[in-house]
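**Student:** What shape does this take:
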Amino acid sequence: MNILVLSPHRDDAAFSLSLSIAHWLSAGHRVTLLNVFTRSLYAPYSDADFVHDNDRLSYISAMRRKEDESFLKRLPGLTMVDLNLKDAPIRLRCDASIVCDMDADPADTAIPKIQKALTTQAAAPRPMQALVLPLGLGHHVDHRVARDAALTFSTTLPTAFYEELPYATREGVRVDLSRFREDVNTRLHEPLHPVLVHGTNTHPTDFKLRIAHLYASQIDDDLAHTIANFSHRYQGAERLWANEQWLAKAVDNKLSTSQRDQEAKPLPS
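**Tutor:** Numbering: from 1, shown residues only. Below is the predicted model:
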């Protein structure tokens, strides 16, 4: 199958889905990583403060692309497509400190651009046959804009939604998860089901830690370990929330294994 993974920013899929992507590639699937908001000024753990203001955007954007290229080298066969859209602080002219407190605007100019890119992927010679989207945990406006722009496509494709890291490790995430599932039930008239994807690496935590460390401009060592250790609550797997079409394809295509709600270890309250 051709699986398209939508990543709002360059690190989102890497932090949240590295085990899953490795599994899908090993199972013979084609995986395309579609990065949405790749033009950014955000690199709190880099040397960007020493760069002239006029050069910061190109410098940081290039730095973050190199981090993604290192990720690609760890997962041979993974394809990357960049939309080169501006992230929220630039696009919406807001401070980075409030991006998780803003409502997603249905008139956001990014939405038709994301939908156009997905339409192109759907009409490609090898069209996308399954879709993996961010849940929107943490309420980052870019995540919700990317997710909402793609929801229409999830009505016709096997679709799974991933729990974004590091947001999924934070307090209050249970409320976010409940709110999102209710939103999907209302808008798509379809419940989501928890599924697990186990990676091919015998030491999943170590693998995720190595991946997290590739994005040194974004996180420190403590947060890298927090991201890596999150898989412990799913016995070394990553949890996604899948629609019925995904479940129908999951077993034959080795997409995931099912997991009942009561079997999942609890998220932090």
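**Student:** surely residue 243 meets residue 160?
**Tutor:** Yes. Using C-beta atoms under 8 Å, residue 243 is in contact with residue 160, at 7.5 Å. All C-beta atoms are positioned from the backbone trio N, CA, C, and that covers glycine.
**Student:** Specify the beta-bridge partners of residue 6.
**Tutor:** Legend: beta-bridge partners of residue 6 under DSSP bridges are residue 34.
**Student:** How many residues are close by residue 226?
**Tutor:** 16 (other C-beta atoms under 10 Å).
**Student:** burial count for the nearest residue to residue 200 once chain neighbours are set aside?
**Tutor:** Leaving out its chain neighbours, the residue that sits closest to residue 200 by C-beta to C-beta, 6 or more residues apart in numbering is residue 26, at 4.7 Å. By the measure other C-beta under 10 Å, the count of residues near residue 26 is 14.
**Student:** now do residue 175
**Tutor:** 12.
**Student:** what comes up buried for the lowest-mean-pLDDT helix or strand in the chain?
**Tutor:** In the chain, no helix or strand scores lower on mean pLDDT, DSSP states H and E than helix 173-188, which sits at a mean of 75. Of the residues in helix 173-188, 173, 176-177, 180-181, 184 count as buried by neighbour count, 16 or more other C-beta atoms under 10 Å.
**Student:** With distance to residue 48 added, can I get these in CSV?
**Tutor:** Formatted as CSV, those follow (distance: C-beta to C-beta, whole Å):
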residue, distance to residue 48
173, 29
176, 30
177, 33
180, 33
181, 38
184, 37
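**Student:** for the nearest residue to residue 257 once chain neighbours are set aside, helix, strand, or coil?
**Tutor:** Leaving aside its sequence neighbours, residue 257 sits nearest to residue 196 (C-beta to C-beta, 6+ apart; 5.2 Å). Residue 196 falls in the strand class when you classify it by DSSP: H, G, I helix; E, B strand; the rest coil.
**Student:** Would you confirm that residue 196 contacts residue 259?
**Tutor:** Yes. At 4.9 Å, residue 196 counts as touching residue 259 under the criterion of C-beta under 8 Å.
**Student:** Give the residues shared as contacts by those two.
**Tutor:** residue 239 (C-beta atoms under 8 Å, 6 or more residues apart in numbering).
**Student:** What are the contacting residues of stretch 166-181?
**Tutor:** By C-beta under 8 Å, 6+ apart, stretch 166-181 touches 15-16, 135-140, 161, 163, 191-192, 219, 223, 226-227, 230, 241, 266-269.
**Student:** Can I get the buried part of those as one PyMOL selection?
**Tutor:** Buried residues among the contacts of stretch 166-181 (16+ other C-beta under 10 Å), as a PyMOL selection:
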select buried, resi 15+16+135+136+137+138+139+140+161+163+192+219+223+226+227+230+241+267
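**Student:** so of the contacts of stretch 166-181, which ones are in strands?
**Tutor:** Among the contacts of stretch 166-181, the residues falling in strands (DSSP state E) are 161, 241.
**Student:** Looking at the buried residues of helix 173-188, which is nearest residue 99?
**Tutor:** Among the buried residues of helix 173-188, residue 176 lies closest to residue 99 (C-beta to C-beta), at 14.8 Å.
**Student:** about what we covered before: strand 193-198 and the least confident helix or strand of the chain, what's the angle between them?
**Tutor:** 120 degrees (axes from the mean of the first three to the mean of the last three C-alpha atoms, to 10 degrees).
**Student:** Just the CA atoms of helix 173-188, as PDB, please.
**Tutor:** Extracted in PDB, the C-alpha atoms of helix 173-188 (Å, rounded to 0.1, in the frame of the first residue of the first chain):
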ATOM      1  CA  VAL A 173      -4.000  15.100  27.300                       C
ATOM      2  CA  ARG A 174      -6.900  12.800  28.200                       C
ATOM      3  CA  VAL A 175      -9.200  15.700  27.800                       C
ATOM      4  CA  ASP A 176      -7.700  16.500  24.400                       C
ATOM      5  CA  LEU A 177      -8.100  12.900  23.300                       C
ATOM      6  CA  SER A 178     -11.700  12.700  24.400                       C
ATOM      7  CA  ARG A 179     -12.500  16.000  22.700                       C
ATOM      8  CA  PHE A 180     -11.000  15.000  19.500                       C
ATOM      9  CA  ARG A 181     -12.800  11.700  19.300                       C
ATOM     10  CA  GLU A 182     -16.100  13.400  19.900                       C
ATOM     11  CA  ASP A 183     -15.200  15.900  17.200                       C
ATOM     12  CA  VAL A 184     -14.500  13.100  14.700                       C
ATOM     13  CA  ASN A 185     -17.700  11.200  15.600                       C
ATOM     14  CA  THR A 186     -19.700  14.400  15.000                       C
ATOM     15  CA  ARG A 187     -18.000  15.500  11.700                       C
ATOM     16  CA  LEU A 188     -17.400  12.100  10.100                       C
END
